[in-house]
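Coordinates for the following, if possible.
(one chain, ligands or ions: 1)
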Amino acid sequence: MSEGENQGGGRDPGGDRGSGHGSGGGQRGGRGSGRPAQGRGSRDRGRRPDSQRTSSRPSERNRGTDPARRAAYDVLRSVAATDAYANLVLPPVLTERQIRGRDAAFATELTYGTLRMQGRYDAIIAHASRRDVTSLDAEVLDVLRLGAHQVLGMRVPGHAAVSETVGLARSTCGTGPSQLVNAVLRRITERPLAEWLDLIGADAKDETARLAAVHSHPAWVVRAMRSALAQTGPGDGDLEALLEADNASPAVNLVVRPGLADPEDVSDADPGRWAPTALVLRGGDPGAFEAVRSGRIGVQDEGSQLVALAAAAVPIEGPDRTWLDLCAGPGGKAALSAALLAQRAPDGLFVANEVAEHRARLVEQSMSAVRGLLPGIEVRTGDGREIGGTEPGRYDRVLVDVPCTGLGALRRRPESRWRRSPSDLSALGQLQRELLTSALAATRPGGVVAYVTCSPHLAETRLVVEDVLKRTDGATLLDAVEVLAGVSAEPLGDLDGPYVQLWPHRHGTDAMFLALIRT
Ligand SMILES: C[S@@+](CC[C@H](N)C(=O)[O-])C[C@H]1O[C@@H](n2cnc3c(N)ncnc32)[C@H](O)[C@@H]1O
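Numbering: from 1, shown residues only. Purely as a prediction, here's the structure:
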C-alpha cells in the first residue's frame, strides 16, 4: 500500500452543506403521495434486481439532478464496476464537470464517506426497507447509500437530502425505483444516527456482527483486528476505538527528506509527534509547496517514516553502504532510506527494486531529488523473490515492505475494506514468505533485514516472520521496539517487543508492522 498515492488524494474535506445542496432542483416524486414506495416495495420483493429500473423519458430523467451528487453516484458506479480507486476516479470527474469549491468538497465527502460507511448504511437500509440489500438493484442501492450518508453522516437537512436523492434516483434508475428510494430515505430521516446504531446493533446476531455493522467493517476484518490487538500489551479492549479510527480521514503527513529540506520549507504544518522527519499539514494542498513538488519533501504516513528510520538505525558491524529495498513501489520508504544512506555513505549504493513497471516509474520519480545526494541509486524492475538467489549476501541492509491486504491503512482508501477477502491471505502469505526468504538470502552475515507490512493481520505479520525464521539458519530476531525507541522523538508507550505494531487509534499512524532480523 502506498501512502504516497493515498494521502492527500484520499482526504475528505468534510463539510456542512446545509441547504446549499438541499434546495431547489430536486424531483418531487414523493411529495403528496405519502409513502408511494411501500406498495411498490412489496411488489418488488422477489423480483430480479434489474426489474427495479423503470423507463422514463430522458428529459424527465435528467431534470434537476444536482451535479455534485451525480458525480458522487458516477464514481461509486465506476468503483463498483471497474474496481477503480475512488481517489483516482473522482478528481478527473470533478475537473471535467467543472465542479469546484464547496461543491467539489461536498462531492468528495459524499463519495468517500458513502464508500467507507457502506456496511453501516446497508444495515440501516435493510432495516428501513425491511429487505435484504442484496435484493436491491446495485444502482438503487448506491443511490440509497448516498442518501443515507447525507442524512446520517453529513449535516444535510433530511428534506433536502431526500428530495435531491430522489431526483438522482429518478435520473439514474427511473421513476419506480425513485419511489422506493423516497420511502426508504424518509424512514431513515425519522431517527437520529444513535438510534439507528442501536437498532442495527440489536439486529446483529453476535458481537462481531454488531461491531461490523455499527462501525462499517467486514466481520472478518473485525475478527482479524481483535486477534491482532489481543497480541499487544493493552489487549483488545480498545477494538471499537480502532474501528472508529479507521473511519476518520487522516491528516496529511509529510516527510522532510534528510539533507534535502527543512521543516520551514512548508508553512502551515506542525512537527510530527514521533518521527523527527515528520510534519503534519494543518490543511490545504501539499502540492502547493515547491519543496513537495520537487520531491525534497514527500507525502508519507508517520508510521511509514518510523519503520524506515528504525530499519536504518539498527547498529551493524562492518560495511554499511549497500542497501536494498526489495519491494519499493511507489518509493516513499526508498526515498527516505536513500537520503539516510547518503548521510552515512555518500558513495553508497541503493537498489530500489519493484516488480511492476508503472510502479518502478513512480519509484524513479520519488527518488529524483535524492539522486543529487546519492549518485548510486539504481531503480530496477524485477521479481524480488529472485534477488536472494542472484545476489546472495550482497547487501548490508534490506527493507522488505511486502504486498499485503492493506488492512492497516483503511483510513486512506475508503473502498479497500470491501475489496479484500480472507482468501487473499493465502496467496499473499506465500508471496510474503518468499520475499522475506529472498531478503534474508540477499543480506550479508551480520546485516539486517526489516520486514514491514501495512497490515496488522497476524497472518501477514508475526506468522510470516516466525515461519520463515524457523526455516532459516543463523537469522535472529532483534527487538524492534528498542530500536524504534532510539529514533522516535517521544516514547511510543505500550509496545512490547520484539515486534513493532503501530495503530491508528493509539499512535495516529497507519497500522504498520515491523520486524528486524539480524542475518
Ligand atoms: C507495500 S508496497 C511497498 C511500498 C513502498 N515500500 C513505499 O514505501 O512506497 C509493496 C510493493 O511490492 C510490489 N511487489 C509485489 N510483488 C513483488 C515482487 N514479487 N517483487 C518485488 N516487488 C513486488 C508491489 O507492486 C508494491 O509496489
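
What values do phi and psi take at residue 477?
Here is the backbone geometry of residue 477 (degrees, to the nearest 10): phi -80, psi 130.

Give me the neighbour count for it.
Residues lying near residue 477 (other CB atoms under 10 Å) number 17. C-beta: built from backbone N, CA, C; applies to glycine.

so it makes contact with residue 515?
Yes: Residue 477 lies in contact with residue 515 (CB atoms under 8 Å); the separation is 6.6 Å.

so what sits against both of these two?
Taking CB atoms under 8 Å, 6 or more residues apart in numbering as the contact rule, residue 477 and residue 515 both touch 465, 498.

what's near enough to touch residue 351?
323, 324, 325, 378, 380, 395.

how close does residue 123 get to the ligand?
31 Å (CB to the nearest ligand atom, to the nearest Å).

who touches that residue in this structure?
By CB under 8 Å, 6+ apart, the contact set of residue 123 is 200, 203, 204, 213.

element containing it?
Taking DSSP states H and E as the definition, residue 123 sits inside helix 118-129.

what's the closest non-adjacent residue to the residue of the stretch 151-300 of the chain found nearest the ligand?
With CB to the nearest ligand atom as the measure, residue 300 is the residue of the stretch 151-300 of the chain nearest to the ligand, at 7.4 Å. Leaving out its chain neighbours, the residue that sits closest to residue 300 by CB to CB, 6 or more residues apart in numbering is residue 255, at 4.1 Å.

for residue 318, same thing?
Residue 318 sits nearest to residue 446 (CB to CB, 6+ apart), 5.9 Å away.

low pLDDT regions in the stretch 301-450 of the chain?
Judged against pLDDT under 70, the stretch 301-450 of the chain has no low-scoring part.

And the helices in it?
With DSSP state H, counting those that start in this stretch, the ranges of helices along the stretch 301-450 of the chain come out as 302-313, 332-344, 357-367, 387-390, 416-419, 424-442.

The ligand is nearest to which of these?
Among the helices of the stretch 301-450 of the chain, helix 332-344 comes nearest to the ligand, with 3.5 Å by CB to the nearest ligand atom.

For the closest one, give me every contacting residue.
2-4, 255, 257-260, 277, 295, 298-300, 304-305, 307-309, 311-312, 320-321, 323, 325, 328, 348, 350, 352, 363, 366-367, 369-370, 373-374, 377, 399, 401, 452.

now do stretch 132-148
Contacts of stretch 132-148 (CB under 8 Å, 6+ apart): 45-46, 49-50, 52-53, 69, 72-73, 76-77, 80, 110, 114, 118, 121-122, 124-126, 129, 161-162, 165, 168-169, 172-173, 177, 180-181, 184-185, 188.

That one - what's its average pLDDT?
If you average the pLDDT over stretch 132-148, you get 97.

buried stuff in that stretch?
By 16 or more other CB atoms under 10 Å, the buried positions in stretch 132-148 come out as 133, 135-148.

Please report the number of neighbouring residues for residue 487.
So residue 487, with other CB under 10 Å, has 19 neighbours.

I'd say it and residue 276 touch.
Yes: using CB under 8 Å, residue 487 and residue 276 qualify as a contacting pair, with a distance of 7.4 Å.
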